[in-house]
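Student: got a sequence here, can you model it:
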Amino acid sequence: MAKHLFGIATVVISFAGILSGGCGGSSTTATQLPSSLAGTGTVTTIAVGDSPADIAITPDNRFAYVANDNNDSLPNGNTVSVIDLKSNTVVATISDPGFNQPYTITLNAAGTIAYVTNSNSTTITLINTATNQVMGAIDGFDGPSGMVITPDGKKAYVNNYGGPNGVGSGNATTIRVVDLTTNAITGEPITVGLAPASLAITPDGAFVHVINYVDGNPGTGTISKLRTSDNTVVATILGFSGPFKIAITSDGKHAYVTNFGSNNFSPVGTTVSVVDLTNNAITSTINLGTQPAGIAITPDGRSALVSNYNTLYLGPKYTKLTPGQGTVDIIDIATNTVRCNSVIVGASPADIAISQDGTHAYVSYYSGNAIGVINIADIMSLNTCS
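Tutor: Below is the predicted model:
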């Protein structure tokens, strides 16, 4: 099974006008993506590193941190890009010998520390966001590919997807708990399903929900529900199809899970599952585009934005990997229906993050090495939504 799904590029899409932007190091000029990558809206690109895979926005809404997964194995390609969200320019590119296919970034509540999972290694790297300098690392994982922090800031939960120094990619079955006061793993591994791909914590910190990719076939994926008071798996939810990302509503009652399908890109997923977290069951299935990947819920809790990756092998034996038209769909959470026409974006849209004020969405284009910014207010006001 393939390791992970993609690498990313960043672009800014505004449906009302051109947003200012830049590319590369600090305060450079805006560039245009090729039409095959940019989408049909007005697009300003912010060039980041190779195959950006995850985006985290600081609590003050000033900066975005982007994990560049280096899917092309470029020399010095394992980096983190820091974007100034006021000017849409890259103001820092962080490199460190400890980076090894940086895959996700998690910020603490104060926004002072960024935790970077190194998916091809055994470590999580810590970045001091005041200086954008690496301040240390936590070792002892197996292909870490996600992290959540409890509301009190004292503990973190990390999913082990599997890596070359352990059981191999996609073969791990554990979660590790980290004491953030000592930056060390604590306790024994917690066993969950096969290939835990992502995780989310309820707003009250009572439960961590781990999505287990398993093998990418229809209906084989699961969620492991982990109670944080005693680190016990208390329920298993069945019926997902290559689950990739999970987002939980602000009231903690429902989760939305993207069904990407197979990492080998066949069979292909096309849905999002809605999960009742009280009864631990799927209650609705929403049809979207090809390969729903990233998902984020707006701060007002009204909408969930989903990126459709739409990148397939067109040749025999997993050859000619070709991005199709990337899109973003908007789900009305009150009705669990797609409330807008699909937003046309760039190629291979992977992760999606929403600004703290809910005005913009940031989409990583894995095959375009850039970040796109969607003006959510513009979409809502241009008669594209009911």
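
Student: show me the shaky parts of the stretch 101-250 of the chain.
Tutor: When residues are selected by pLDDT under 70, none of them lie in the stretch 101-250 of the chain.

Student: strands of that one, residue ranges please.
Tutor: Taking DSSP state E, counting those that start in this stretch to define them, one finds strands in the stretch 101-250 of the chain at 102-107, 113-118, 123-128, 133-139, 144-149, 155-160, 174-179, 184-191, 196-201, 207-212, 221-227, 232-240, 243-248.

Student: for residue 46, find the nearest of these.
Tutor: strand 102-107 (16.0 Å; CB to CB). From N, CA and C alone the C-beta is placed, and that goes for glycine too.

Student: state the distance from the residue of the chain most remote from its centre to residue 266.
Tutor: Among the residues of the chain, the one whose C-alpha is farthest from the average of all C-alpha positions is residue 316, by CA atoms, centre = their mean at 29.1 Å. Separation of residue 316 from residue 266 (CB to CB, to the nearest Å): 12 Å.

Student: tell me if residue 275 really is in a strand.
Tutor: Yes: applying DSSP: H, G, I helix; E, B strand; the rest coil, one finds residue 275 inside a strand.

Student: so what's it up against?
Tutor: For residue 275, the contact set (CB atoms under 8 Å, 6 or more residues apart in numbering) comprises 223, 237, 254-257, 281-283.

Student: one more: residue 62?
Tutor: Applying CB under 8 Å, 6+ apart, the residues contacting residue 62 are 84-86.

Student: so for it, what's the pLDDT?
Tutor: Looking at residue 62, its pLDDT is 98.

Student: and it, what are its phi and psi?
Tutor: In this entry, residue 62 is assigned phi and psi values of phi -90, psi -30 (degrees, to the nearest 10).

Student: on that earlier part again, using ChimeraX, make a named selection holding only the buried ones among the contacts of residue 62.
Tutor: In ChimeraX, the members of the contacts of residue 62 classed as buried (16 or more other CB atoms under 10 Å) are selected with the following command:
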select :84,85
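
Student: need the contacts of residue 62 in a markdown table with distance to residue 177, secondary structure and pLDDT, can you?
Tutor: Below are the contacts of residue 62 laid out as a markdown table (distance: CB to CB, whole Å; DSSP: H, G, I helix; E, B strand; the rest coil; pLDDT from 0 to 100):
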| residue | distance to residue 177 | secondary structure | pLDDT |
| --- | --- | --- | --- |
| 84 | 34 | strand | 97 |
| 85 | 32 | coil | 95 |
| 86 | 37 | coil | 94 |
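
Student: any idea which of the contacts of residue 62 is closest to residue 304?
Tutor: Closest approach to residue 304 among those (CB to CB): residue 85, at 21.4 Å.

Student: surely the closest one meets residue 61?
Tutor: Yes: taking contact to mean CB atoms under 8 Å, the distance of 6.4 Å between residue 85 and residue 61 places them in contact.

Student: quickly list what's touching both of the two.
Tutor: The overlap between the contact sets of residue 85 and residue 61 (CB under 8 Å, 6+ apart) consists of residue 355.

Student: can you list the buried residues in stretch 321-331?
Tutor: Quick answer for stretch 321-331 (16+ other CB under 10 Å): 323-331.

Student: span of that stretch from start to end?
Tutor: By CA to CA, to the nearest Å, the extent of stretch 321-331 from end to end equals 29 Å.

Student: ok, now stretch 146-161?
Tutor: Distance across stretch 146-161, first residue to last, is 9 Å (CA to CA).

Student: any buried residues in it, and which?
Tutor: Neighbour-count burial for stretch 146-161 flags 146-150, 155-161 (criterion: 16+ other CB under 10 Å).

Student: show me which of these is closest to residue 362.
Tutor: When these are compared against residue 362 (criterion: CB to CB), the nearest one is residue 146, at 18.2 Å.

Student: so how far is residue 156 from that closest one?
Tutor: Going from residue 146 to residue 156 by CB to CB gives 10 Å.

Student: how about residue 69?
Tutor: Noted for residue 69: a distance of 21 Å to residue 156, by CB to CB.

Student: any chance of the strands of the stretch 101-250 of the chain in CSV, plus distance to residue 96?
Tutor: What follows is the strands of the stretch 101-250 of the chain, written out as CSV (distance: least, CB to CB, whole Å):
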stretch, distance to residue 96
strand 102-107, 9
strand 113-118, 9
strand 123-128, 6
strand 133-139, 4
strand 144-149, 16
strand 155-160, 19
strand 174-179, 19
strand 184-191, 20
strand 196-201, 24
strand 207-212, 28
strand 221-227, 30
strand 232-240, 34
strand 243-248, 26
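
Student: which one of the ones you listed lies closest to residue 50?
Tutor: strand 102-107 (10.4 Å).

Student: tell me the angle of that closest one relative to strand 155-160?
Tutor: Orientation check (axes from the mean of the first three to the mean of the last three CA atoms, to 10 degrees): strand 102-107 against strand 155-160 gives 170 degrees.

Student: quick one: strand 102-107 to chain centroid distance?
Tutor: A distance of 9 Å separates the centroid of the chain from that of strand 102-107, by CA atoms, centre = their mean, to the nearest Å.

Student: check stretch 363-380 too.
Tutor: Offset of stretch 363-380 from its chain centre (CA atoms, centre = their mean): 13 Å.

Student: begin at 686 from now on, thanks
Tutor: Yes, from this point I'll number from 686; that puts the last item at stretch 1048-1065.

Student: what is the mean pLDDT for it?
Tutor: For stretch 1048-1065, the mean pLDDT works out to 88.

Student: give the buried residues for it.
Tutor: Taking 16+ other CB under 10 Å as the neighbour-count basis, stretch 1048-1065 is seen to contain the buried residues 1048-1061, 1063-1064.

Student: over to stretch 1028-1035?
Tutor: Using 16+ other CB under 10 Å as the test for burial, stretch 1028-1035 gives 1028, 1030-1035.

Student: now flag whichever of the residues you listed is closest to residue 852.
Tutor: Of all those, the one with the least separation from residue 852 (CB to CB) is residue 1035, at 24.9 Å.

Student: many thanks, I have nothing further to ask.
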